[in-house]
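A.B. asks: Sharing a model prediction with you, sequence too.
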Amino acid sequence: MKAAGLAALSLAGLFAQSVSAKELRPDFAVSEYYDTGAVHEQLMAKKMESWSRQSSKGAYNSTKWGKPGRKRADPVRCKNGVAAVVPGDPLQTFQCNSIDFYDFLSHAELGSTTGEGSSSWGWTAPNGREFVVVAQADGAAFAEITSVGKLVYLGRLPQTPEAQPSIWREIRGYKNFILIGSEAEKHGVQIFDMSKLLKVDPKKPVVFTQQDLTGFWNDLPIGRSHNVVVNEEKQYGVAVGAAPRSSACRAGLIFFDLKDPTKPQSLGCAAGDGYVHDAQCLVYRGPDAKHYGKDICFGFNEDTLTIYDVSVKNATNIISRTTYEGASYTHQGWVTNADWIEFLLVDDELDEANGAGPGASGFPVTFFWDIRSLEAPKQTGYFRSKAKSIDHNQFVVNGRAYQSNYGAGLRVLDVSSLPRDPTGGRVKEVGFFDIYPEDDADPVVDFVGTWSHYPFFKSGFILINTIERGAFVVKFSGK
């Protein structure tokens, strides 16, 4: 079927699915429609409409949540289901369970003139100090989380000078470096050495420049990427979703070598399944003996979970390509245990908004995949949140899935039972911190609230980056 004909099809018809959990063979016509980019464009249009509406109401004026030099709140325990950071103020009283508030800095306090928070990442120095990177439309802010949970602003790195501000700014870590990509044209991938922060005086925050970068890589069609991914063990990075889809790499997996971060080198691309929205790449260690030890990428490719053998970087070797009932926009995912890979969590960013599959009721759904056979992954079950919203990004640490669910905030699931019960019947929510009180009375299915978080610090402190307000520091207090 030609793309022009597919464009006339109703998305509601394409997304009409049963609500039971089940893996499916991809439908060629549906995949061809996704390949046109129409669904991604509609998703981005939904977001832009929402953000324009919020902006017109002054939602991105983060100074109302905090100005430089203000007296900061002390840590606040989650008590009786709320953390009252400013007692009596409903917009500074946060619904919660087993997660305590420690600190907050607005985007303005983090040096941004635009705000519009997105991605985030962290780095632990050899001496144990914990640093974070907070993405904003006009660059990335650097801060330290102290031993008592205070967030201390240290400076920022603006977007690449030739690029325009863009809320789509993604960050990943590689050793002591961070990589920053953006949907802005001409941006490329900035490579910054986080150890530079060790000598920064908080009283004199530093605005770094492009000349302060360790390296810069821009072997991209027009300098755009939707996300950046890293396989630290194999010492390479991946740019995914690098527009346009008509390029030779089709916005697929585009690899670059990081053995010498001062001189990142292009390695080739895997274009065979077209656009990749996000991915997790790692050395496979698990029960599938045929693929043990191989360099594997799990691709979250809009309408499919696509598993690649990327041992060869200038070719496409697809191990499997699978969709599922209710698939609307396969967005992101994470394996439950990188040391022994058996299960994968996947989120879908459009099923709630489009009323498809298990997400049709508007409550975020986490899909569980049994990947003990990479050639035949099974979608074994799902968990449906009790808080209406949209799921976005998630990571798994020690059996807990930490999820940024837009207006519902940070949610924490105990997924340690999956090896015993792959259906997810024993999975339960064990904590949450709702950073968007604006919709407490009437929860919305909208692109508001938290975009990302970073839950990997040994201290247990978690950074939450929000679109409107700024960055929160919280800590899980449950068992």
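C.D. replies: Perfect, I can see it now. Bear in mind that the values here come from a model prediction, so they are computed numbers and not experimental data.
A.B. asks: For Gly299, see how far away the nearest residue to Trp369 once chain neighbours are set aside is.
C.D. replies: Using C-beta to C-beta, 6 or more residues apart in numbering and skipping the chain neighbours, the partner closest in space to Trp369 is Leu344 (4.2 Å). Using the backbone N, CA and C atoms, a C-beta is placed for each residue, glycine as well. Separation of Leu344 from Gly299 (C-beta to C-beta, to the nearest Å): 11 Å.
A.B. asks: How about residues contacting the lengthiest helix in the chain?
C.D. replies: Across the chain, the longest stretch assigned as helix under DSSP state H is helix 38-56. Outside helix 38-56, the residues that touch it by C-beta atoms under 8 Å, 6 or more residues apart in numbering are 7, 11, 33-34, 60, 116, 167, 275, 277, 302-303, 329, 349-350, 353, 446-448, 467-468.
A.B. asks: what about burial for these, which qualify?
C.D. replies: Neighbour-count burial (16 or more other C-beta atoms under 10 Å) applied to those gives 33-34, 60, 116, 167, 275, 277, 302-303, 329, 349-350, 353, 446-448, 467-468.
A.B. asks: circling back to that earlier point, how far does the longest helix of the chain sit from the chain's center?
C.D. replies: The chain centroid and the centroid of helix 38-56 are separated by 18 Å under C-alpha atoms, centre = their mean, to the nearest Å.
A.B. asks: Would you mind checking the average pLDDT for the helix or strand following it?
C.D. replies: Following helix 38-56 in sequence order, the next helix or strand is strand 82-84 (DSSP states H and E). In this model, strand 82-84 carries a mean pLDDT of 97.
A.B. asks: what sits against the residue nearest the centre of the chain?
C.D. replies: Centroid check for the chain by C-alpha atoms, centre = their mean gives Asn393 as the closest residue, at 3.9 Å. By C-beta under 8 Å, 6+ apart, the residues touching Asn393 are 332, 347, 403-404, 451-453.
A.B. asks: For the residue nearest to Trp369, which residues count as its bridge partners?
C.D. replies: Under DSSP bridges, the beta-bridge partners of Leu344 are Val335, Trp369.
A.B. asks: now do the one 4 residues further on
C.D. replies: With beta bridges defined as DSSP bridges, Asp348 has these partners: Thr330.
A.B. asks: Top of the contacts of Asn393 by number of neighbours, please.
C.D. replies: Gln403 (31 neighbours; other C-beta atoms under 10 Å).
A.B. asks: And the pLDDT for that one?
C.D. replies: Note on Gln403: pLDDT of 98.
A.B. asks: so it is in which element?
C.D. replies: With DSSP H and E as the test, Gln403 turns up in strand 400-404.
A.B. asks: mind listing what's buried in stretch 302-312?
C.D. replies: 302-310.
A.B. asks: Of those, which is the nearest to Phe216?
C.D. replies: Using C-beta to C-beta, Val310 comes nearest to Phe216 of the buried residues of stretch 302-312, at 23.3 Å.
A.B. asks: before we move on, back to that, looking only at neighbour counts, state which of Leu344 and Gly299 leads.
C.D. replies: Between Leu344 and Gly299, counted using other C-beta under 10 Å, the more crowded position is Gly299 (30 against 23).
A.B. asks: My read is that the more buried one contacts Gly241, right?
C.D. replies: No. With contact defined as C-beta atoms under 8 Å, Gly299 does not count as touching Gly241 (10.5 Å).
A.B. asks: returning to that earlier point: just the ones of the buried residues of stretch 302-312 in strands?
C.D. replies: Members of the buried residues of stretch 302-312 lying in strands (criterion: DSSP state E): 305-309.
A.B. asks: just to revisit the earlier point, identify the contacts common to Leu344 and Gly299.
C.D. replies: Contacts common to Leu344 and Gly299, judged by C-beta under 8 Å, 6+ apart, are Leu305.
A.B. asks: ok, for Pro221, nearest residue in space, not its chain neighbours?
C.D. replies: Leaving out its chain neighbours, the residue that sits closest to Pro221 by C-beta to C-beta, 6+ apart is Ser247, at 4.1 Å.
A.B. asks: mind listing the helices for the protein?
C.D. replies: All helices of the chain, identified by DSSP H, fall at 3-7, 11-14, 28-35, 38-56, 351-354.
A.B. asks: and the ones you listed as CSV, adding mean pLDDT?
C.D. replies: Formatted as CSV, these follow (pLDDT from 0 to 100):
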stretch, mean pLDDT
helix 3-7, 38
helix 11-14, 44
helix 28-35, 96
helix 38-56, 96
helix 351-354, 94
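A.B. asks: and Gly293, which of those is closest to it?
C.D. replies: Nearest to Gly293, of the helices of the chain and by C-beta to C-beta, is helix 28-35 at 30.3 Å.
A.B. asks: For that closest one, buried residues please.
C.D. replies: Buried positions in helix 28-35, judged by neighbour count with 16+ other C-beta under 10 Å: 30-31, 33-35.
A.B. asks: elements contacting it?
C.D. replies: Other helices and strands packing on helix 28-35, by 3 or more C-beta pairs under 8 Å, 6 or more residues apart in numbering; DSSP states H and E, are helix 3-7.
A.B. asks: thinking again about what came up before, looking at the buried residues of stretch 302-312, which is nearest Ile319?
C.D. replies: Nearest to Ile319 among the buried residues of stretch 302-312: Ile307, at 4.5 Å, using C-beta to C-beta.
A.B. asks: wait, what's in contact with the nearest residue to the closest one once chain neighbours are set aside?
C.D. replies: Spatially, and ignoring its direct neighbours in sequence, Ile307 is nearest to Ile319 (4.5 Å; C-beta to C-beta, 6+ apart). Going by C-beta under 8 Å, 6+ apart, Ile319 touches 291, 296, 307-309, 374-375.
A.B. asks: what do you get for Glu233?
C.D. replies: By C-beta under 8 Å, 6+ apart, Glu233 lies in contact with 282-283.
A.B. asks: who does Ala84 bridge with?
C.D. replies: If you apply DSSP bridges, the partners that Ala84 bridges to are Thr93.
A.B. asks: Hmm, it is touching Val76, no?
C.D. replies: Yes. Applying C-beta under 8 Å as the test, Ala84 and Val76 come out as touching, 6.5 Å apart.
A.B. asks: Look at those two and report which has more neighbours.
C.D. replies: The neighbour comparison of Ala84 against Val76 (other C-beta under 10 Å) goes to Val76, with 21 against 18.
A.B. asks: Give me the pLDDT for that one.
C.D. replies: pLDDT for Val76: 97.
A.B. asks: who's it bridged to?
C.D. replies: When assigned by DSSP bridges, Val76 has beta-bridge partners Phe101.
A.B. asks: how about Phe142, what does it touch?
C.D. replies: Counting by C-beta under 8 Å, 6+ apart, Phe142 touches 131-134, 153-157, 194, 197, 200.
A.B. asks: The same query, at a cut-off of 7 Å, please.
C.D. replies: 131, 133, 154-156, 197 (C-beta atoms under 7 Å, 6 or more residues apart in numbering).
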